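Q: no sequence on hand, only this structure:
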């Protein structure tokens, strides 16, 4: 399972403030701890510097430089703004890159899809179009079809596309866990070469013991076919679940990766 | 998810010794703690009183009386001996009963199947025949077919049958997690009215942090279609996983059961 470290995100207040005051040390330390904990990609989101009047383009250019000073791990450039993504990509030194994200909406799909195609980047594609997150797997698949048709038309390979099945809170609709899991299965069945990715925390919104619910959902999603997750790699229980997911789905021959993580103290019982 | 409390089992040394010395208080306390923690059934296994020359029939008759003194929860009569099962059933007061277990082997299927049919009991049926646990889902399904044909011929309803897909250690063959999960899915697809049940601990044999692996496997199995599990209900992290499994598979409308468990202190984050 590909782990995308989620912590460099301006929507997290302390990170947003660190970006606003250009606090390099704060960011370096967050990046390093995620890299050491086993993140494969570092998500980089400069948001809009909440309430600061901050320019997201300036902020993400600074942030990409700082993150690359801290690690050689590839970055996931995370923004709703095609212009901010374009600015960030110019700063990225590595060849392996991920962009987060497009939807089936033309205004995001076309500019960001072209950037991903031009840079041969991996691209996170949210299974939604106009009008928000669909509440059924079928409608989410319709959005995937629009996205896949456009991106392959731009010369992208299906394996560059990381579909996010999207997650709505179980506290609002008790069926939403199954809707997301079914969406993952259907994506993997319809596009066997495409990948799947998701963030976990929405599922537990409004409920107590959220981390336990998020870990539990990761395990079910891994069996449904999840290839990558956006999560906090410094959360050792979560990373233990990632290792257990690999172990139990036949992706860890001779349990080597699990045993190595255990010896490093990265597995909690 | 139906929880079958596993602790009254003579293969656990302290329990075996308590049975041998007819230590009623020890057994009562183990039964009560499991019932309070949320077990739906109490498994009762008197083994063969290891090394004691103990008669299993005498032991299980005593044990059933003691367990029924401690709780009104239904029992799961667990033995490899048809004679011991028959003796135990005569002591059982309740109408709701489970027998653990038959296989596709004639010498177990026929006598124990007849007892279950006569008593209208639920019956755990291991997906194996002669020659040990098959290493593929296909061969396990062949055993299920022999069992289902015989039992329905005896007048049993499919919903009385709890198929155990069987679990082999992932440390021996990294594919065995998927074999068990696939077996569950195929059983639920071929026999939609039948139930599935399993014990969890074999999966993690030989590995460190076994409880975490077992919980993780429970979550995947719940998504694959597991209806019941034989486990230690006093393990709060395991019971938290059971509640999360129900929550995430659409079986807990309005999160009522989860929130009730949380308020009772039965959920750990």
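A: Yep, that arrived. A quick note: this is a predicted structure, and the numbers were derived from the prediction, not measured.
Q: excluding its backbone neighbours, what's nearest the residue of the stretch 51-200 of chain A found nearest chain B?
A: Here the stretch 51-200 of chain A gets closest to chain B at one residue, residue A:177, 3.8 Å apart by Cβ to the nearest Cβ. (Each C-beta comes from the backbone N, C-alpha and C, glycine too.) Excluding its sequence neighbours, the residue lying closest to residue A:177 (Cβ to Cβ, 6 or more residues apart in numbering or on different chains) is residue B:248, at 3.8 Å.
Q: ok, that neighbour - contacts?
A: Shown in contact with residue B:248 (Cβ atoms under 8 Å, 6 or more residues apart in numbering or on different chains): A:170, A:177-178, A:203, A:213, A:216-217, A:220, B:219, B:222-223.
Q: and the stretch 101-250 of chain A, which residues reach chain B?
A: A:170-171, A:174-175, A:177-178, A:181, A:203, A:207-213, A:216-217, A:219-220, A:222-224, A:240-241, A:244-245, A:247-250 (Cβ under 8 Å from any Cβ of the partner chain).
Q: please check the residues you listed and keep the buried ones.
A: Among these, those classed as buried by 16 or more other Cβ atoms under 10 Å in any protein chain shown are A:170-171, A:174-175, A:177-178, A:181, A:203, A:207, A:209, A:211-213, A:216-217, A:219-220, A:222-224, A:240-241, A:244-245, A:247-250.
Q: so which of the contacts of residue B:248 are in helices?
A: A:177-178, A:213, A:216-217, A:220, B:219, B:222-223 (DSSP state H).
Q: helices and strands around the helix or strand that contains residue A:42, which ones?
A: Secondary-structure assignment from DSSP states H and E places residue A:42 in strand A:41-44. Of the remaining helices and strands, those touching strand A:41-44 by 3 or more Cβ pairs under 8 Å, 6 or more residues apart in numbering or on different chains; DSSP states H and E are strand A:2-5, helix A:24-36, helix A:56-70, strand A:75-78.
Q: pick the most deeply packed of those.
A: Here the criterion is mean neighbour count by mean count of other Cβ atoms under 10 Å in any protein chain shown, and of the helices and strands packed on strand A:41-44 the winner is strand A:75-78, at a mean of 28.
Q: can you list the strands that it pairs with?
A: Here strand A:75-78 has these sheet partners by DSSP bridges: strand A:41-44 (parallel), strand A:98-102 (parallel).
Q: contact partners of the longest one?
A: Read it as strand A:98-102. With Cβ under 8 Å, 6+ apart as the criterion, strand A:98-102 contacts A:4, A:41, A:43, A:45, A:74-79, A:85, A:89, A:108-109, A:112-113, A:115-116, A:119, A:121-126, A:147, A:162, A:164, A:230.
Q: I'd like the next helix or strand past that strand.
A: Note on strand A:98-102: by DSSP H and E, the next helix or strand toward the C-terminus is helix A:106-119.
Q: show me what that following helix is packed up against.
A: On a contact count with 3+ Cβ pairs under 8 Å, 6+ apart, helix A:106-119 meets helix A:82-91, strand A:98-102, strand A:122-126, helix A:137-153.
Q: who's in contact with the first one?
A: To tie it back to what came earlier, the one meant is helix A:82-91. Contacts with helix A:82-91, where a contact means Cβ under 8 Å, 6+ apart, come from A:44, A:46, A:56-57, A:60-61, A:63-65, A:68, A:77, A:79, A:97, A:99, A:108, A:111-112, A:115, A:119, A:121.
Q: between it and helix A:56-70, how many degrees?
A: 30 degrees (axes from the mean of the first three to the mean of the last three Cα atoms, to 10 degrees).
Q: list the buried residues for helix A:82-91?
A: Residues of helix A:82-91 classed as buried: A:82, A:84-89, A:91 (neighbour count, 16+ other Cβ under 10 Å).
Q: just how off-centre is it within its chain?
A: With Cα atoms, centre = their mean, to the nearest Å as the basis, helix A:82-91 stands 18 Å off its chain's centre.
Q: the inter-axis angle of that helix versus helix A:106-119?
A: Here helix A:82-91 points in a direction 10 degrees away from that of helix A:106-119 (the same axes, to 10 degrees).
Q: could you do the second one as well?
A: Per the same axes, to 10 degrees, the angle that strand A:98-102 makes with helix A:106-119 is 160 degrees.
Q: TSV for the contacts of residue B:248, including pLDDT and distance to residue B:257?
A: As requested, the contacts of residue B:248 are exported to TSV (pLDDT from 0 to 100; distance: Cβ to Cβ, whole Å):
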residue	pLDDT	distance to residue B:257
A:170	97	12
A:177	97	14
A:178	97	16
A:203	97	17
A:213	98	13
A:216	98	15
A:217	98	17
A:220	98	18
B:219	98	16
B:222	98	14
B:223	98	18
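Q: wait, which of those residues is closest to residue B:14?
A: residue B:219 (29.3 Å; Cβ to Cβ).
Q: flag the shaky bits of the stretch 51-200 of chain A, pLDDT-wise.
A: A:51-54 (pLDDT under 70).
Q: picking that back up, how about the ones in helices among the contacts of residue B:248 in JSON lines, adding distance to residue B:24?
A: Formatted as JSON lines, the ones in helices among the contacts of residue B:248 follow (distance: Cβ to Cβ, whole Å):
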{"residue": "A:177", "distance to residue B:24": "44"}
{"residue": "A:178", "distance to residue B:24": "46"}
{"residue": "A:213", "distance to residue B:24": "40"}
{"residue": "A:216", "distance to residue B:24": "38"}
{"residue": "A:217", "distance to residue B:24": "43"}
{"residue": "A:220", "distance to residue B:24": "42"}
{"residue": "B:219", "distance to residue B:24": "37"}
{"residue": "B:222", "distance to residue B:24": "36"}
{"residue": "B:223", "distance to residue B:24": "41"}
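Q: most centrally placed residue in chain A?
A: The centroid of chain A falls nearest to residue A:230 when counting by Cα atoms, centre = their mean (3.9 Å).
Q: circling back: can you say which of the strands paired with strand A:75-78 is nearest to residue B:235?
A: Of those, nearest to residue B:235 by Cβ to Cβ is strand A:41-44, at 34.7 Å.
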